[in-house]
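Asks: A structural model of the following input is requested.
(one chain, ligands or ions: 1)
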Amino acid sequence: MADTILKVENLVSTYGPITALKGINLEVKEGEIVSLLGSNGAGKSTLMKSILGMVTIGEGSSIQYNHDGQMVELIGKKSHQIIPLGIAIVPEGRGVFINKSVEENLEVGTFFRKRPAARDKELLDTVYQTFPRLKERRKQLAGTLSGGEQQMLALGRAMMADPRLMMLDEPSMGLAPLMVAEVFNVIKNVREMGITVLLVEQNAKQALKIADRGYVLTTGEVTQTGTGKELLADESLVAAYLGAKK
Ligand code: ATP
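Replies: Now for the predicted structure:
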């Protein structure tokens with residue numbers, strides 16, 4: 001049985017008067033791909049922001065992360081303390097620096113974790129192996145890349161952080177079908193590298209196909225959970241959330 005890498009208990013998250021998460025419980029085991037599903041405004045991005053210490057959290061909530069075998073409470077820590085523990089995010093909208101080159105964007109990924117320079121080189125080689133197009137365009141400004149290439153760059157930058165847990169917020173959004181397929185393949189590769197994946201996706205069918213398990217959020221609450229297969233097989237769920245996309 002794999003160890004737990006992330007354990008979220010009774011998580012309440014607020015934006016001023018708005019309670020976006022109303023007591024979420026969720027667990028991710030090391031090496032899993034876990035998908036978070038739910039319609040717009042369900043709270044998926046808020047969950048990721050909560051893990052990174054970017055949202056106001058209510059009393060009695062807990063977000064524990066397994067750091068070198070010790071469960072560490074993340075609530076109360078700031079993003080700059082959380083990221084070095086090995087958590088990377090590929091944010092919604094990619095967040096690449098358009099006026100920096102591909103290579104400079106990748107370097108940003110290395111800023112938050114201390115490790116030997118040799119490891120940086122090893123990771124850069126892995127990123128360029130995974131994304132040969134980024135290697136070809138390494139001197140090019142990120143703003144001149146296609147949307148799909150920018151998404152690859154955002155993924156590459158997260159890989160450069162050498163994370164143990166990678167969170168991806170709608171990585172297939174706005175991409176052409178071929179690029180979507182490539183993104184999902186890369187996510188499988190990321191897991192094969194030993195990185196645990198927490199994936200937010202509107203493209204629910206594809207997300208469940210690669211997921212070990214999934215959670216469905218509805219207006220700030222977990223309303224369903226199961227293996228990727230179980231959730232895909234659930235016709236009422238498919239009708240409610242997953243019908244729109246193949
Ligand atoms: P989407 O798929 O549209 O990104 P989501 O499931 O990620 O949706 P969240 O972005 O987490 O949903 O939003 C959850 C709730 O919190 C929504 O009701 C939203 O309006 C609210 N919310 C999100 N960000 C803020 C903010 N900065 N200020 C106030 N309310 C917010």
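Asks: what's the distance between stretch 127-142 and the middle of its chain?
Replies: Chain-centre distance of stretch 127-142: 21 Å, with Cα atoms, centre = their mean, to the nearest Å.
Asks: flag every buried residue along it.
Replies: By 16 or more other Cβ atoms under 10 Å, the buried positions in stretch 127-142 come out as V127, Y128, T130, F131, R133, L134, K135, R137, L141, A142. The way it works is simple: take the backbone N, C-alpha and C, and place the C-beta from them, glycine included.
Asks: now stretch 51-59
Replies: Residues of stretch 51-59 classed as buried: I51, L52, G53, V55, I57 (neighbour count, 16+ other Cβ under 10 Å).
Asks: show me what secondary structure element comes after the helix or strand hosting I63.
Replies: Assigned by DSSP states H and E, I63 falls within strand 62-67. As assigned by DSSP H and E, the chain's next helix or strand after strand 62-67 is strand 70-73.
Asks: and the contacts of that next one?
Replies: Residues outside strand 70-73 that contact it (Cβ atoms under 8 Å, 6 or more residues apart in numbering): T4, K7, S62, I63, Q64, Y65, N66, L85.
Asks: now, of those, which are buried?
Replies: For those, a burial check counting by 16+ other Cβ under 10 Å picks out K7, I63, Q64, Y65, N66, L85.
Asks: what is the nearest of the residues you listed to the ligand?
Replies: Of all those, the ligand sits closest to I63, with 15.2 Å by Cβ to the nearest ligand atom.
Asks: still on that earlier bit, work out the gap between the strand holding I63 and the centre of the chain.
Replies: Here strand 62-67 is found 16 Å from its chain centre; the criterion is Cα atoms, centre = their mean.
Asks: low-confidence ranges, this structure, go.
Replies: Within the chain, the stretches with pLDDT under 70 are 1, 238-239, 241-246.
Asks: do stretch 35-52 and the ligand meet?
Replies: Yes - Stretch 35-52 reaches the ligand (Cβ under 6 Å from any ligand atom) through G38, N40, G41, A42, G43, K44, S45, T46.
Asks: out of those, grab the one that's most surrounded.
Replies: For the residues of stretch 35-52 next to the ligand, the largest number of neighbours (other Cβ atoms under 10 Å) sits with K44, at 26 neighbours.
Asks: ok, that one - contacts?
Replies: By Cβ under 8 Å, 6+ apart, the residues touching K44 are L36, L37, G38, D169, V200, L217.
Asks: what about those, which are in strands?
Replies: L36, L37, D169, V200, L217 (DSSP state E).
Asks: quick one: secondary structure of the residue positioned nearest the centre of the chain?
Replies: Compute the mean C-alpha point of the chain, and by Cα atoms, centre = their mean the closest residue is M167, 1.6 Å away. Look at M167: counting by DSSP: H, G, I helix; E, B strand; the rest coil, its state is strand.
Asks: who's in contact with it?
Replies: If you count contacts by Cβ under 8 Å, 6+ apart, M167 has them with M48, I51, L52, I87, A88, I89, V90, V197, L198, L199, V200.
Asks: now the residues you listed in CSV, with distance to D234 and secondary structure?
Replies: Converted to CSV, the contacts of M167 look like this (distance: Cβ to Cβ, whole Å; DSSP: H, G, I helix; E, B strand; the rest coil):
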residue, distance to D234, secondary structure
M48, 24, helix
I51, 26, helix
L52, 30, coil
I87, 30, strand
A88, 31, strand
I89, 29, strand
V90, 28, strand
V197, 22, strand
L198, 21, strand
L199, 18, strand
V200, 19, strand
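Asks: nearest to Q151 among the residues you listed?
Replies: Ranked by distance to Q151 (Cβ to Cβ), the contacts of M167 are led by V90 at 8.0 Å.
Asks: surely the closest one touches E170?
Replies: No - taking contacts as Cβ atoms under 8 Å, V90 lies outside contact range of E170: 9.1 Å.
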